[in-house]
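**Q** Let's see this in three dimensions:
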Amino acid sequence: MFILMVVVFVLGYLMIALEHPLKVDKAASALILGSLIWVVYILGIDSILSLGHSHAWKHFLESTSLVDLKQKFPDMTLWEQMKYFVVEHEIIEHLGEISEILFFLLGAMTIVETIDQHQGFKLITDRITTNNKVKLLWILSILTFFMSALLDNLTTTIVMVALLRKLVGDKHSRWFFASMIVIAANAGGAWSPIGDVTTIMLWIGGQVTAMNIITMVFIPSVFNMVIPLAVVSLYMKGEVKRPELSKNETREFTTVGERKLLLFMGIGALLFVPVFKTFTHLPPYMGMLFGLGVIWLTTELIHKNKSDEDKRKLTVIGVLRKVDVPTIFFFLGILSAVAALQSAGHLGLLAEYLDKNMHNIYGINTTIGILSSIVDNVPLTAGAMGMYPVMTDVLVQASAEPSYMMHFVQDGAFWELLAYAAGTGGSILIIGSAAGVAAMGLEKIDFIWYMKKISLLALLGYLSGIAAYWLQELLFFHG
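**A** Have a look, this model is predicted:
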């Protein structure tokens, strides 16, 4: 059953990848996968957990939760304990983590859609006058790179895809631009302590400090974005065709003041999220929902005297009807599937295998980055964090391999490289990062098309960034 879980994941992944040939929406495949893999887990629970690969089960056996459970139900069998562990402990815990991402995504998508409905993005797109493909690609990528560091890669991608729809009319050209935005967003998120969920994990966990992650990962991240852009610039020619505006878009049913207000409030709400998290230590989705609530209240007040038709379009209640719900379901399915693999011990086993057989920080992190294009980078990062404690100078000197273990001190090379690799490796496949999944859902980008057109470019950028980090580390620490 342990192996069957992997088989189910691979088959589900193939259904998602072959969405267009099969003519089955990827959200449906993801939901089936996310449910079915947990079914296999619960049906084979005793054989799976008895293998001893699940770190979560080991921790549960040592926890006070099990002691309390035994006191409450003294006659509980081992199988019943296992069932309780999966149903009442693991599913609830993972659902909490997944829900944070989904509510964050829902809030961000609604805010961006509200700005768009108020024609707020028109204030930006009117200033981008070039139709030259190469120039536009560089402008959007650089804008994405720095916005991603301030907001995060997921929110930035949602914002930039909304902008892109106003600038590029042709579907396949827009797919290409959106894919390059994914690369830029993931690269921008990797060097900022608030730009990607993996860097947030490492920052909060004490593996890295904010200033150091910016200093050491910035240059590799620049290489990650610039190298693919440089390659594309060599062969890309021509001009983009701007989309034809519908009657709704040409009709100015909002004033300039309303556009500016909603644009500034929307961007302000998104920028407020990392500030909210820093000061309150509450999950980011709460800051996002607070910002949405304020915008919702504002739209209700400023449009209260307008016609019912305009109210339906401009208030958040009307905007919610346009939010891409299948993308939310797709996220739910794929993250649920990965959570099952994490709970059963597959990802922990993979992390241990890498450490045992490679025992090299470049090999381990390069592989983690490539794997993060297939499975979610969060459990992979968590697995890597679990492999090693944050070392101190005393522990390093007491170890059998002080020169190797030195990489695992706070701000050590292993953690910096992990932040880069886990943050940017997901660009290699469109399903490998939150930014890619969002772009895929919003623009209906074909998985196979992305593999053919973008994956090699993303891999080239990814490896270039690792080479840049190696050179930088050599100069700073061994030069």
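
**Q** Could you export whichever helix or strand residue 179 is part of as CSV, CA atoms only?
**A** Secondary structure assignment for residue 179, by DSSP states H and E: helix 171-190. This file holds the C-alpha atoms of helix 171-190, laid out as CSV (Å, rounded to 0.1, in the frame of the first residue of the first chain):
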residue,chain,number,x,y,z
LYS,A,171,-3.4,33.5,-26.2
HIS,A,172,-0.1,31.7,-26.8
SER,A,173,1.9,34.9,-26.6
ARG,A,174,0.2,35.6,-23.2
TRP,A,175,1.0,32.0,-22.1
PHE,A,176,4.7,32.7,-22.9
PHE,A,177,4.7,36.0,-21.0
ALA,A,178,2.8,34.5,-18.1
SER,A,179,5.3,31.6,-17.9
MET,A,180,8.3,34.0,-17.8
ILE,A,181,6.5,35.9,-15.1
VAL,A,182,6.3,32.7,-13.1
ILE,A,183,10.1,32.3,-13.4
ALA,A,184,10.7,36.0,-12.4
ALA,A,185,8.2,35.7,-9.5
ASN,A,186,9.9,32.6,-8.1
ALA,A,187,13.3,34.2,-8.5
GLY,A,188,12.2,37.4,-6.8
GLY,A,189,10.6,35.5,-3.9
ALA,A,190,13.7,33.4,-3.2
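
**Q** buried residues in that helix?
**A** 173-190 (16 or more other CB atoms under 10 Å). To be clear about C-beta, it is placed using only N, CA and C from the backbone, and glycine gets the same treatment.

**Q** Report the mean per-residue pLDDT for it.
**A** Helix 171-190 carries an average pLDDT of 91.

**Q** Same check on stretch 121-128?
**A** 79.

**Q** Test my guess that residue 320 contacts residue 110.
**A** Yes: at 6.3 Å, residue 320 and residue 110 qualify as touching, with contact defined as CB atoms under 8 Å.

**Q** Of the two, which one has the most company?
**A** residue 110 (23 against 15; other CB atoms under 10 Å).

**Q** so the more buried one is in which element?
**A** helix 91-117.

**Q** Next secondary structure after that helix?
**A** Using DSSP H and E, the first helix or strand after helix 91-117 is helix 122-125.

**Q** what residues does that following helix touch?
**A** If you take CB atoms under 8 Å, 6 or more residues apart in numbering as the criterion, helix 122-125 is touched by 163, 166, 167, 259, 260, 263.

**Q** Sort out for me which of those residues are in helices.
**A** Among the contacts of helix 122-125, the members falling in helices (DSSP state H) are 163, 166, 167, 259, 260, 263.

**Q** What helices and strands are in contact with the helix holding residue 110?
**A** Judged by 3 or more CB pairs under 8 Å, 6 or more residues apart in numbering; DSSP states H and E, the packing partners of helix 91-117 are helix 153-167, helix 256-280, helix 284-302, helix 316-320, helix 325-344, helix 434-443.

**Q** make it 6 Å
**A** helix 153-167, helix 256-280, helix 284-302, helix 316-320, helix 325-344 (3 or more CB pairs under 6 Å, 6 or more residues apart in numbering; DSSP states H and E).

**Q** and the shortest one, which residues are buried?
**A** Applying a neighbour-count criterion of 16+ other CB under 10 Å, one finds 316, 318, 319 buried in helix 316-320.

**Q** just checking, what packs against that helix?
**A** Against helix 316-320 (3+ CB pairs under 6 Å, 6+ apart) you get helix 91-117.

**Q** Report the buried residues of the helix it packs on.
**A** Neighbour count says helix 91-117 has 91, 94, 98, 100-117 buried, by 16+ other CB under 10 Å.
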